[in-house]
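Asks: sequence? don't have it. structure:
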C-alpha cells in the first residue's frame with residue numbers, strides 16, 4: 001500500500017474541485033436569473049398573463065422559486081456525483097456501528113472508496129483500481 005493512502009490526495013482534490021465548481025455554478029445561476037428578471041423578450045410576462053396573474057409580485061416569486069430550484073438541483077447532483085449517495089433504510093441514513101460514520105452506496109460517487117463501508121480502513125477511490133501507480137509516476141495511491 002502507498003504511504004499516501006491515509007492522506008487521500010485524490011479525494012481531497014475532488015473535494016476542492018467540488019467547492020470551486022459549485023461556486024462558479026451558483027454565480028452563473030444567479031447571473032442568469034438577473035437576466036431573466038429583465039425579461040427583454042416578454043416571455044415571462046406573456047407566461048404569467050396566460051396563467052392569469054401577471055403581477056410584479058408573482059414574477060418575483062416565480063423567479064425566486066426558479067433560482068432556488070436550480071441551486072438545489074445543482075448542489076444535489078454535484079454532491080451525488082462527487083461525494084456519492086448515503087445508504088438509506090426506512091427513511092434514515094445508515095451508520096456504521098463500529099466506526100460511527102455514515103455508510104455510502106458502493107461506487108456511487110468519485111470520492112467513494114473501495115471498502116468504503118467495511119470497517120474504518122478504506123482503500124483508494126473505486127475508479128482508480130484499473131490504473132497502476134507507475135502509470136502516473138506514483139502520484140495516485
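Replies: Done, it's in. Predicted model, so just to flag it, every value in this text is computed and none were measured. Numbers count the residues shown, from 1 in each chain.

Asks: Residue ranges in this structure under the pLDDT threshold?
Replies: 1-9, 119-141 (pLDDT under 70).

Asks: rerun that using 80 as the cut-off
Replies: For the chain, applying pLDDT under 80 flags the ranges 1-11, 98-100, 113-141.

Asks: can you give me the strands in it?
Replies: Taking DSSP state E as the criterion, the chain carries its strands at 88-89, 92-93.

Asks: Turn the ones you listed into a markdown table, columns for mean neighbour count.
Replies: For glycine as for every other residue, the C-beta is placed from the backbone atoms N, C-alpha and C. Listed next are the strands of the chain as a markdown table, based on neighbours: other C-beta atoms under 10 Å:
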| stretch | mean neighbour count |
| --- | --- |
| strand 88-89 | 10 |
| strand 92-93 | 10 |
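
Asks: Quickly note the distance from residue 42 to residue 111.
Replies: Per C-beta to C-beta, to the nearest Å, residue 42 is found 45 Å from residue 111.

Asks: again with residue 75
Replies: With distances taken as C-beta to C-beta, residue 75 is found 16 Å from residue 111.

Asks: So for the two, which sits in the more crowded spot?
Replies: Each of residue 75 and residue 111 has its neighbours counted (other C-beta atoms under 10 Å); residue 111 has more, 22 against 14.

Asks: would you list every one of the helices in this protein?
Replies: 9-38, 43-51, 56-83 (DSSP state H).

Asks: circling back to that earlier point, want to throw the strands of the chain into TSV with distance to residue 10?
Replies: Output for these, formatted as TSV (distance: least, C-beta to C-beta, whole Å):
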stretch	distance to residue 10
strand 88-89	26
strand 92-93	24
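
Asks: out of these, which comes closest to residue 13?
Replies: strand 92-93 (25.6 Å; C-beta to C-beta).

Asks: What strands line up against the closest one, and which way round?
Replies: strand 88-89 (antiparallel) (DSSP bridges).

Asks: So what touches the strand it pairs with?
Replies: The contact list for strand 88-89 (C-beta atoms under 8 Å, 6 or more residues apart in numbering) reads residue 94.
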